[in-house]
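Visitor: What would the 3D arrangement of this be:
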Amino acid sequence: MTKHCSECGRRVRSDCQTGMCKKCFVKSPAWIAKAAAWKRANPEAVAKSAAKYWSRPDVKERVLNQRRERYKTDSEYREKRREITRSRRNKQTPEQQKDERLRHVYGIGLAEVLAMEVQQNHCCALCGDRFEGSISELRPKKGYSALSPVLDHQHNPFRVRAVLHSKCNASLGHYESLRELAEAYLKKF
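Guide: Next up, the predicted model:
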């Protein structure tokens, strides 16, 4: 005798105890309660499984793309995400905010940036002159100057190179964008 799912009508195995197909059963209140109880009893296994799932690049990219699309199109979702970000930032110290910003933009934290600055003996990697202030200063007392330290990074492929003066970093950026033209011009003379 053939059995059918009581919810959707699909054929199910003849030895089926629940009277539902697997797709309908996992949505049922009985299954949801059973799964919730298991999750409460096994938090380490849940965390390990979640970490393994989220470490997959295809999953991260798919979910991030879905979130980006929803952020663009859904104004309620966008406002909710902004409020969550604001509340989280309000709980952070200025150092934590700077660390988070560095990690978001450059992929390295404040500790790694400070280590780079110390390794360079608080001097610009391009010209060798000392910095005015430190990259760890949240808002420099005198404002940013030409000798303030900034992170230099390569765009394609993205990687952080060194800590430079802001003027040296700007000059290097201009040189990189005009390198071929400048070299061709200098070869003429």
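Visitor: show me where this protein has strands.
Guide: 3-4, 11-12, 149-154, 159-165 (DSSP state E).
Visitor: Relative to residue 74, which of those strands is closest?
Guide: strand 149-154 (32.6 Å; Cβ to Cβ). C-beta here means a position set from N, CA and C on the backbone, and glycine is covered the same way.
Visitor: Now do that closest one: which elements does it pack against?
Guide: The elements that strand 149-154 packs onto, with contact taken as 3 or more Cβ pairs under 8 Å, 6 or more residues apart in numbering; DSSP states H and E, are helix 94-106, strand 159-165, helix 166-188.
Visitor: Most tightly packed of the ones you listed?
Guide: strand 159-165 (a mean of 19; mean count of other Cβ atoms under 10 Å).
Visitor: quick one, phi/psi of residue 135?
Guide: phi -70, psi -20 (degrees, to the nearest 10).
Visitor: That one reaches residue 164, doesn't it?
Guide: No: with contact defined as Cβ atoms under 8 Å, residue 135 does not reach residue 164; the gap is 10.3 Å.
Visitor: Identify the contacts common to these two.
Guide: 149-151 (Cβ atoms under 8 Å, 6 or more residues apart in numbering).
Visitor: Now do the residue nearest to residue 5 when sequence neighbours are not counted against residue 53, distance only.
Guide: Using Cβ to Cβ, 6 or more residues apart in numbering and skipping the chain neighbours, the partner closest in space to residue 5 is residue 21 (4.1 Å). Relative to residue 53, residue 21 is positioned 24 Å away (Cβ to Cβ, to the nearest Å).
Visitor: Tell me the pLDDT of residue 184.
Guide: pLDDT recorded at residue 184 is 87.
Visitor: got the buried residues for the helix or strand of the chain with the lowest mean pLDDT?
Guide: Least confident helix or strand, the chain: helix 22-25 with a mean of 78, by mean pLDDT, DSSP states H and E. Of the residues in helix 22-25, 24-25 count as buried by neighbour count, 16 or more other Cβ atoms under 10 Å.
Visitor: Could you do stretch 75-89 as well?
Guide: Buried, per 16+ other Cβ under 10 Å, within stretch 75-89: nothing.
Visitor: what's near enough to touch residue 6?
Guide: Contacts of residue 6 (Cβ under 8 Å, 6+ apart): 19-20, 24.
Visitor: Can you add distance to residue 158 and give the residues you listed back as a markdown table?
Guide: Converted to a markdown table, those look like this (distance: Cβ to Cβ, whole Å):
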| residue | distance to residue 158 |
| --- | --- |
| 19 | 55 |
| 20 | 49 |
| 24 | 46 |
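Visitor: of these, closest to residue 68?
Guide: Looking across the contacts of residue 6 and measuring by Cβ to Cβ, the closest to residue 68 is residue 24, at 32.2 Å.
Visitor: Read off the pLDDT value for the residue nearest in space to the middle of the chain.
Guide: Most central in the chain under Cα atoms, centre = their mean is residue 104, positioned 5.3 Å from the mean C-alpha point. Note on residue 104: pLDDT of 84.
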